[in-house]
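1. kindly return the folded structure for what I paste below:
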Amino acid sequence: MARMSRLFLGLISGTSADGIDAALVEFPDGPATAGLRLVAAHTHPWEEAVRARLVAIGQGGEPQSLDELGRLDVQVGEAFAAAALALLRQAGVAPAQVAAIGSHGQTLRHRPHGPAPFTLQVGDGAVIAERTGIATVCDFRRRDVAAGGQGAPLVPAFHAALLHSPAEDRAVLNLGGIGNYTLLPRAGAIRGFDTGPANALLDAWCLRHTGAAFDAGGAFAASGSVDQALLARLLDEPWFALPPPKSTGREQFHLEWVEARLRGEAAADVQATLLELTAATVADALQAHQPGTARVLVCGGGVRNPVLMARLGARLPQVAVESTAAYGLDPDFVEAMAFAWLARETLAGRPGNLAAVTGARGPRVLGVVHPA
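-> Next up is the predicted model:
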């Protein structure tokens, strides 16, 4: 029998919806992960009108109609397929050489609590499979939610496979639109959970007041001062006190949430305070749940913000805070690589979740497969 290709392609657009990250990954044979290689990666831009609707709905707005929701599902699938094909052209790899695509899609709602828990990601996997000619695995989160879990975070199993150390307690921190941790003790159970807002609020406030899509270099935040009274009102949000497993999204932490707590503060001071909110909630969560951590490995867009990284270091003075790049993982594409890995696990019939992280009733094979 011919050996399955070792190439898998991961696609994700995170909470910030600032672009579609695509990563082509070569894995070793068998279930092992050590020795994987990032072959190529890029971030594919959104069509602005589509992105605007995704952001508006994702932060609590409603689709204009069921028809619009259906159109967005297809439009996102088309955009993800275009991102995959552009990456393959860049890498000089034919679609037939890729075993599968793992597509996270774009989250519009994440409601893992209540009488009918659900999570909704758009980006039709059938469209991606048709346009690329590559088997596509999507809807990774829904099975975990059906099994009583949060459906998030799903990346900790990938983090553990690559970054665990028997010599020290570590944590992997993803600073995307929402911050989330994977806790990797040298011995014992792996845990993971969301910490709260990160780039989603910083980007949205920056866009509103400067016209820039993000705060390059943290300059806008650095031009202001932390307002301690505002910070206290933000930290008073009950969600922060919830125990893991927990997850959240833009539908909870959005500009209306911020505005309800404002008392006329200057825009730059609000930006500085939102940055401090991220640093404070990240540091507090680590001290509460793994106080002996020696090293925090940071990935996601927040690693490019030197002001945020400095505040994390200041709030975690006994911890080494560094980029995952120091360990051979491009911080911009760790999550896309993880969804390539999840597709590989699904096709092999192996579980992709960690029940101790998500709260599911047990390990589950995740995702829906659309054959090539």
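
2. Gly264 should be in a helix, yeah?
-> No. The assignment for Gly264, made by DSSP: H, G, I helix; E, B strand; the rest coil, is coil rather than a helix.

3. now it: how far from Arg186?
-> Taking CB to CB, to the nearest Å as the measure, Gly264 and Arg186 are separated by 48 Å. Backbone N, C-alpha and C define where each C-beta goes, glycine included.

4. residue ranges with poor pLDDT in this structure?
-> Flagging of the chain using pLDDT under 70 yields the residue ranges 1-4.

5. now the helices for it?
-> Applying DSSP state H to the chain gives helices spanning 48-58, 66-91, 125-132, 140-146, 156-163, 199-210, 219-222, 228-235, 255-259, 267-289, 306-315, 334-347, 355-358.

6. contact partners of the fifth one?
-> So that's helix 156-163. Outside of helix 156-163, the residues within contact range by CB atoms under 8 Å, 6 or more residues apart in numbering are 33-34, 36, 170, 172, 182, 184, 190-192, 297, 324, 327, 329, 334, 337-338, 341-342, 352-354, 357.

7. break this structure into its domains for me.
-> Under the assignment named as automatic domain parsing, the residue ranges that make up the domains of the chain are 7-151+333-370, 156-327.

8. including mean neighbour count, could these go into JSON lines?
-> Written out in JSON lines, the entries for the domains of the chain read as follows (neighbours: other CB atoms under 10 Å):
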{"stretch": "domain 7-151+333-370", "mean neighbour count": "20"}
{"stretch": "domain 156-327", "mean neighbour count": "19"}
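
9. with just CA atoms, put stretch 338-356 into PDB.
-> Presented in PDB, the C-alpha positions along stretch 338-356 are these (Å, rounded to 0.1, in the frame of the first residue of the first chain):
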ATOM      1  CA  ALA A 338      -1.900  22.800  15.300                       C
ATOM      2  CA  PHE A 339      -4.900  22.400  13.000                       C
ATOM      3  CA  ALA A 340      -2.700  20.600  10.500                       C
ATOM      4  CA  TRP A 341      -1.900  18.300  13.400                       C
ATOM      5  CA  LEU A 342      -5.500  17.900  14.400                       C
ATOM      6  CA  ALA A 343      -6.400  16.900  10.800                       C
ATOM      7  CA  ARG A 344      -3.700  14.300  11.000                       C
ATOM      8  CA  GLU A 345      -5.100  13.000  14.300                       C
ATOM      9  CA  THR A 346      -8.600  12.800  12.900                       C
ATOM     10  CA  LEU A 347      -7.600  10.800   9.800                       C
ATOM     11  CA  ALA A 348      -5.600   8.400  12.000                       C
ATOM     12  CA  GLY A 349      -8.700   7.900  14.300                       C
ATOM     13  CA  ARG A 350      -6.900   9.500  17.300                       C
ATOM     14  CA  PRO A 351      -8.500  11.900  19.800                       C
ATOM     15  CA  GLY A 352      -7.700  15.600  19.400                       C
ATOM     16  CA  ASN A 353      -9.000  17.000  22.600                       C
ATOM     17  CA  LEU A 354      -7.700  16.800  26.200                       C
ATOM     18  CA  ALA A 355     -10.700  16.200  28.500                       C
ATOM     19  CA  ALA A 356      -8.900  17.700  31.400                       C
END
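
10. just the CA trace of stretch 179-189, in CSV.
-> Included here for stretch 179-189 are C-alpha records, laid out as CSV according to Å, rounded to 0.1, in the frame of the first residue of the first chain:
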residue,chain,number,x,y,z
GLY,A,179,-5.4,35.0,25.5
ASN,A,180,-5.2,31.3,26.4
TYR,A,181,-2.8,29.1,28.3
THR,A,182,-1.5,25.6,28.1
LEU,A,183,0.0,24.6,31.4
LEU,A,184,2.7,22.0,31.1
PRO,A,185,3.9,20.8,34.5
ARG,A,186,7.1,18.7,34.4
ALA,A,187,4.9,15.9,35.8
GLY,A,188,1.1,15.7,36.1
ALA,A,189,-1.9,16.6,34.1
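
11. what does that stretch contact?
-> 152-153, 155-156, 159-160, 163-174, 190-198, 247, 278, 281-282, 285-286, 289-290, 293, 302, 356-357.

12. check stretch 259-270 too.
-> Outside of stretch 259-270, the residues within contact range by CB under 8 Å, 6+ apart are 205, 209, 220-221, 223-227, 229-230, 233-234, 258, 273.

13. Gly10: which of those residues is nearest?
-> Distances from Gly10 to these, taken as CB to CB, are shortest for Trp205 (29.6 Å).

14. how about the contacts made by that closest one?
-> Contacts of Trp205 (CB under 8 Å, 6+ apart): Leu255, Val258, Ala267, Val270, Gln271, Leu274.
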